[in-house]
Every structure is written in C-alpha cells, then in structure tokens.
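S.K.: just coords:
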C-alpha cells in the first residue's frame, strides 16, 4: 500500500512496491486515455529550490496528463526562502493548498525533513548530490520495458562513477534483482566509491572495474552513459584531459551487441556523439518518456487514485 | 452585488458584502466538490511584481480548485516591466487574456491604478507596506469559522504593531463588528501608529496598550502574533535586542485560556516556538487553509459564478 | 494541411494556409465555447529563453482556452541551459512531455534548429531581432477582422522602421495581398532597410517614404505605430533627439480618416499618447485580443484538432 507514503530515498520502496508502480506505469503506457482523469481535482506543488527544468517538466507533465493541476516555483529567488521560513513550515502551508509535493533542494536531507512535517506525500526530486529516486525509477522502468526484465543483465556504467548519484542509486537498485552483473567503466580518478564496492562484495554481486569502454562494450546488455560534470573537477586541466575519454560514437557502437541499449540520465554534453542518436539502440530520449510515465504511476499510487487497476 | 468589482483596500467591501463572501466560503468548505467546476473556462492572472510564494500559491490553488486556470509571473525579472510599460497598459493587455487579476506590487497604489484601467476585476495581493486585503479576509474568516462570530471578542495583537499592515487592517476590520476589545502588545518602539489609536478612540472602541504578553495572555480570545521583520529596523542592534521579546512558547500558552486561538499571518521566523505547533489552540496553519477558501469565495463572487447558492 | 507543421518564419505558410488559420480564428471569436475542449489532454511547452510576458501569456491563455494545459519556463535562469544542453536535445526531451512548443530565444535561428530536431510542432515566439511570426499573424487577423479584407489598403508604418522586425514582416506579409500601398514614415536614420525596399520595387508594389506623420495621416487606412527602442540606438543623444519625433496624439488623430485604425505591437512607451486610447480608431488593445485568438487557431491547426469546422 503506497497511498499517503513519501519517496525520499530510491530504496524506500521494496521490490514488490516498485513492481506495483511499474505495473501501473505499463498500463498507463498502453492506455494513457484511461488515466487522463484519475487526478482530477488534485494539485501537485513543485517546490524547486534549485532549477531543474527537465525534472520539473517531467513531474508537471505527469500530473497534467493524469488530469491534475500544478502550482510551484522553479528557483529560490521566487520563493519565501529569503524571508527565513523553514522547510518544515513551508510544506505545512503548501499542504493546505496542494495534494502532493515534488521537492528539489540543493541541501541534502531537505526533502526528508519536509516529509516528516508534511501532511501530504513528498517526493524527493533531487537533493544536492544525494538522492534522486525518480531518476532511478525511470531507469528501472526503462530497462524493464525494453529488456523485458530486471534480472540476468550485464550493465555497463560509464563515465563519472565517483560523483554521479544516479549511478550509485542504479547499482543499489539493480543489486536487488537476480543475477545482474556490473561493469564499472571510469578513469581511475572517478571510480565508484568504496562503500558501493563493499556493498557489492558483501552481497556477492559480480562486478568488474575497467578503464576503457572499447574493451567491454561487446559484452553489455545495457550501457549507461553519464556526463562528466565540469563542476566536479578540482582543476580545469584534469577536466580537459579526461572529459573526452568516454565519448560514445558510431565506431564504438559497431562493436556493441545488436540488442544492447544505451541509456543516459541527460542532459548530455558531448559524451554521446550526435551520430549515435539515430541508432535504434540509443534509448536515452525514450528514457525521458518513461520518466514521465513512471512519475504518473508514482503519483497515482501515492495519491491512491490507481483504482483503475481493480476494474 | 460583488460581480465585476475589484478589491484594493480591505475596507472596500461593507460588512454585508463580506458576509456574502464568508457565507460562500463556508459552503465551499462544507462541500468543495460542488464548487470544483464553477470557474471552468476562467483564467486568473497572477501578476507578482515581487515574489510572495505563499500568497501566489493560495490564489492559484484557489482558482484551480474552482476549475479555473492560471497564467502569471512571480517576479519582475520575467515581466515586461523592464521595457518601460505602464501598469495601466499591462492590465489592459492582460484583460485580453484573463478573467481576473491578482496583483502584488512593491509600490503602494499600483493595484489601485491597475483597477482603474482594467476591464476585469483586480485583487490587490499586497502593495508594499500598504494593503493586503485578502490577508484580512483570511483573518476574518478564520476567526468567524473557529470562534463562531466576529463580535464580542478580546483580540490580542502582539509583536511589531508599527509596520505590520496586516495588524492595522485587522484592527480596522474588526472595529466594524460589535463589542470587540483590542489588547495591543508591543515594545514601545513598535507601537500601533497614532492614526489607528485615534480611530479607535473616535469610534469608542475599547483598547489597551501593553508591553508584556505574559501580563495579558490569560484574558484573550484571540492572540494574533506577528513577525518582527529585520528589514523594518533601522539598525542591527535594535533588531537583536527586540526580536526575541515576543516569543510565544509552551510556558506562556499554559497561562492562556483553553479556547484562545493563536493566529499568525506567516511566514514566522521564531516568534512562535515550534513546541506550540502541537497545541490544539495553534491555528496558524489552519488559517493558511482558510486563506485558500476565502480566495475561492472572493474570486467566485467577483466573477459572478457563485450561483450554486441559489440552487 | 497544417497538422504537424512548425511555424518559424512569417512566410512559412501560403496565403491559402493563412486563410485557413484566419477562418478558424473567426469561428473561435464567434463561438469560443465551441472550442473550449478541442485541446483537452494536450500540453503546450513555453520555452522562453528570454522573458516576454505578453507573448508568453498570449500563448498560454490561448492553449488554456482551448482546454489544454501548459508547462514552461520564462527565462534562461530557470532552465537547463547552464548545464550546456543543446537546443536540439532540449526539444527532443520536451517532445516526450508536451504536444507543441512555443520557443522564444535571443539567438536568431534557434527555433529553426529546434524545429529540425523536434518530434512535435515548434512555433517561433520571437528569435532575437529576427522573426516573430505570431505577431505578424496577429496583425493580419486584426486588419482582416476590422477592415474586412487584406487587399486594397493604404498602410502607414511609423517609427523605427530600421530595426523593427514586426514592421519588416508585416510589409512582406501584406505584399502578398492585392493592391496594397505602403507609406513608410520614419526619421532618416531609421528607414526601412534596402533589401525590403528592393523587394517592394521588384514586386511593383506601391510605396512612399515620408519623414512626417502629419503629412500623410489623412490618407491612411491603417496606421501601424512602433516603439523607438532605446537599446537600438548607438548613443543616448540620438535617442533623446528622435524618440519624441513620432508621437501620435489627439491633434494628429483629428486629421486622420474616420475609419483609419491605429495598431501597435505593444508594449508602447510614449509613442501613442494616452489621450488617444479612448478614440474608437485606437485598436491596439483589441489587437492583443486578436493575438490570443490567432494563436488559438494556429495551435489547433498545428495539432490537427480543428475538426469542429467539418461539423
């Protein structure tokens, strides 16, 4: 039962609860019209204390396509933050106006605090470098929908694996399914943190660390590319030296399996060459669409308006 | 008849007209679904020349919950102001797109000017330190709904009574009802201005000025707390010396009547301690909800779509 | 057939296609209720990389009045631009969430690029000093609606004719209709560019260049006033010397024909005196309303939901 719950950490929901969301998402994808009024009369509040157009659009479109409506702000400048109000008070007031909150905040833990005080469900839409659970749900739904399963997959994760929260969450989330194998492809300076490696070891999950995408792309079911964010580097030189090391192009795609899919949380800068966009295996724009569908399913579940399934 | 009218000053409407709004609000509170389509096809324009998230959300949620829709801006940066357009022209153009305007403006009198040129109703959503009539309507509806009446009440107003426009408006508004008594609790530097005192005297309305909340809290029906805004002080020292003088905590609440209610226009900083939030008499979050309901009733009246009452 | 098309340049559509839009607009004006649900379930994305409140409001109100919904941003600060994403990627992602895009961009050609990559129709809502096709559609619908025809008209264009993109587009657009005549009224420094003059000559279209509005106002069917934008001048002195040269006031209106109409793309600063606003011939606020109607018709056509006409 997800009604009334909040989603703060990607691991908040059990695999069974996630299945409930993915099942609903599949039904929505098959017949969006059947769900176009389940949120009639509901209001989503998008409280974005830092801008994130893509994520905000995804949430807002999701609510609108369920028949609901939206209030919100997209940056701190237009909020009451400057008046010194606490997040706790803000969500208690917003709970008077709205039915569900999607909160983006530069400070780790802010959505957690919000969920404690809120009278309505709170969805963490990203808190600093910490968590971004709806991205993880997006990734899982995309994989499940295109590959048909979340088990028995060889998943290559490529790029900045040190700072990328989406990568960490995806590893943890996919580790809960059966018989998955991780290929961690990154420069030495941007390797997956030790605590994740330890978790993989403790759970006896197969993984390998690699330096070159070319050496492993032929063995992958999924290639998850990530952006090398300039702001993560301590100095400009390191950035320039490394940023082009992990660029996916047609040449590399030629050596990849025919049914491998390429994912990317977006926005990309140049880590996937434009020439790959036309490749059938390039699924990163589809992924954005699944992101909207999974948010539709998530909000319908948290609001308890998923009753179409009982029909 | 309120259809087509604007609301600029809290005193624009007669007590009889206010009753019409409060009656409609009560019906909406009882049966919100009955009103969820009265504004179908209507558009509210929120013209916020300075940010005020709470007030904007309240207006927008109110319109959405009536079935209407919203266009707007939340700060001057995203408006045409920089192109040198007059408020008069802006509202004449906005009147081509929308059915009703809620305007927040840093300049006193701007909403008044707007209402003169506008072809559609204009609601003043706050103009500088001047007026904020929907806050007053919120306060009145909250008091009427919880205390059952707007007469025969002892109202304590505590904090910055010099600069707080909501306090001034509430005193004037409550003075129009029968047999109310005001206890004005403030530091000497932040006392109610003379013109308000003179009005109270001229109308033979009972009031007392106090320095300490502790000395009078036991006699109150309503305690209206206000924020001591840092920006109102001429120097930092004065602010630091005074800001904690008027903090409501559990200890003070212990000496208050069992049926006293605590109100606050929000946002609060630290003038009400968090430990008071759980007290049944703490009504400031409820007040925010009444704020949405009274704006629903107000807009339905100004748009002339309150006809459910005739059924 | 306009379904699925984009509108980037005012000349993208043939006169026949424009007639289709104007016909639909006329029907919407006559019976807006009949069209209040044709965009049910549709989402407009307003991607405004620079603020333009008026244009954004017009698009948003248009979509809302067709029953659709809106997501968007109103300035670059709240977008993902700062993360280095290309316009091509942005529109491909937005195409996952929305059904149609209205894009305002400071860079010439950006909406064109967007339309190449987008899977959904893109409407150019202004790209730098380049194009603003919906303003041209607005002007044409206004003239057609009030004057009854787009042929046989003497059109005076007054003010900054050098930098004003709306003026250039209007000249080109009106040149496609029969037997129109242009009177180009501007200071020598702000004359229509040579390429436009050459086009008029090549198409044997009658025109005259004038310096004083007084000398020609008596002969006009339409007077199209434009703002002298301070930012177009190379130095302050030139601006001050010229800005008041072309102000329309009651005295000038006294010498104008009884059925001449005054148009202006707005916002105005002081090029039309407030005393003219009450004159029946002052149609610039009506023009803003036609702007909303023509955008309703345009979006309904591009989305293929104009089927009411077949009934």
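M.R.: Alright, I've got the coordinates. As the structure is a prediction and not an experimental result, all values here were calculated from the model.

S.K.: Okay, now the unreliable bits of the stretch 1-150 of chain A?
M.R.: Applying pLDDT under 70 to the stretch 1-150 of chain A picks out residues A:77-84.

S.K.: Contact residues of it facing chain C?
M.R.: With Cβ under 8 Å from any Cβ of the partner chain as the criterion, the stretch 1-150 of chain A comes near chain C at residues A:33, A:36, A:51-54, A:56-58, A:60-61, A:64-65, A:69-70, A:74-75, A:77. (Glycine included, C-beta is placed from N, CA and C.)

S.K.: Sort out for me which of these are in helices.
M.R.: Those of these mapping onto helices are A:53, A:54, A:56, A:57, A:58, A:60, A:61, A:64, A:65, per DSSP state H.

S.K.: Narrow those to those that are buried.
M.R.: Among these, those buried by neighbour count (16 or more other Cβ atoms under 10 Å in any protein chain shown) are A:53, A:54, A:56, A:57, A:58, A:60, A:61, A:64, A:65.

S.K.: got the contact list for whichever residue of the stretch 151-300 of chain A sits closest to chain B?
M.R.: With Cβ to the nearest Cβ as the measure, residue A:299 is the residue of the stretch 151-300 of chain A nearest to chain B, at 15.9 Å. Residue A:299 makes contact with A:39, A:44, A:59, A:62, A:63, A:66, A:68, A:100, A:123, according to Cβ atoms under 8 Å, 6 or more residues apart in numbering or on different chains.

S.K.: All the helices of chain A, residue numbers only.
M.R.: For chain A, the helices defined by DSSP H occupy A:15-30, A:53-65, A:87-97, A:110-117, A:133-147, A:165-175, A:194-202, A:236-243, A:250-254, A:284-302.

S.K.: isn't residue A:105 right up against residue A:46?
M.R.: No - between residue A:105 and residue A:46 there is no contact under Cβ atoms under 8 Å: 12.0 Å.

S.K.: can you list the helices of chain A in TSV and add distance to residue C:117?
M.R.: Output for these, formatted as TSV (distance: least, Cβ to Cβ, whole Å):
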stretch	distance to residue C:117
helix A:15-30	24
helix A:53-65	16
helix A:87-97	36
helix A:110-117	33
helix A:133-147	21
helix A:165-175	24
helix A:194-202	36
helix A:236-243	24
helix A:250-254	18
helix A:284-302	10
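
S.K.: Which among those is found nearest to residue B:235?
M.R.: helix A:87-97 (27.6 Å; Cβ to Cβ).

S.K.: pLDDT averaged over stretch A:217-224 - what is it?
M.R.: Predicted confidence along stretch A:217-224 averages 98 (mean pLDDT).

S.K.: first to last residue in that stretch, what's the distance?
M.R.: Start-to-end span of stretch A:217-224 (Cα to Cα, to the nearest Å) is 11 Å.

S.K.: Would you mind listing the buried residues in it?
M.R.: A:217, A:220, A:221, A:222, A:223, A:224.

S.K.: can you tell me which of those residues are in strands?
M.R.: Using DSSP state E, A:222, A:223, A:224 are the members of the buried residues of stretch A:217-224 that sit in strands.

S.K.: Would you agree the second one is in contact with residue A:263?
M.R.: The one in question is residue A:223. Yes - contact criterion Cβ under 8 Å: residue A:223 and residue A:263 qualify, at 7.2 Å.

S.K.: low-scoring stretches of the stretch 151-300 of chain A, by residue?
M.R.: Filtered on pLDDT under 70, the stretch 151-300 of chain A yields the residue ranges A:229, A:231-234, A:242-245.

S.K.: if I look at residue A:296, how far off is residue C:71?
M.R.: 14 Å (Cβ to Cβ, to the nearest Å).

S.K.: So residue A:188 versus residue A:297, what's the distance?
M.R.: In terms of Cβ to Cβ, residue A:188 sits 39 Å off from residue A:297.

S.K.: meant to ask about residue A:252
M.R.: From residue A:252 to residue A:297 the distance is 34 Å (Cβ to Cβ).

S.K.: what's the answer for residue A:259, then?
M.R.: Distance from residue A:259 to residue A:297, counting by Cβ to Cβ: 26 Å.

S.K.: what about residue A:152, distance to residue A:15?
M.R.: Separation of residue A:152 from residue A:15 (Cβ to Cβ): 15 Å.

S.K.: and what of residue A:93?
M.R.: The gap separating residue A:93 from residue A:15 is 35 Å, by Cβ to Cβ.

S.K.: swap in residue A:297?
M.R.: Look at residue A:297 and residue A:15: by Cβ to Cβ, they are 15 Å apart.
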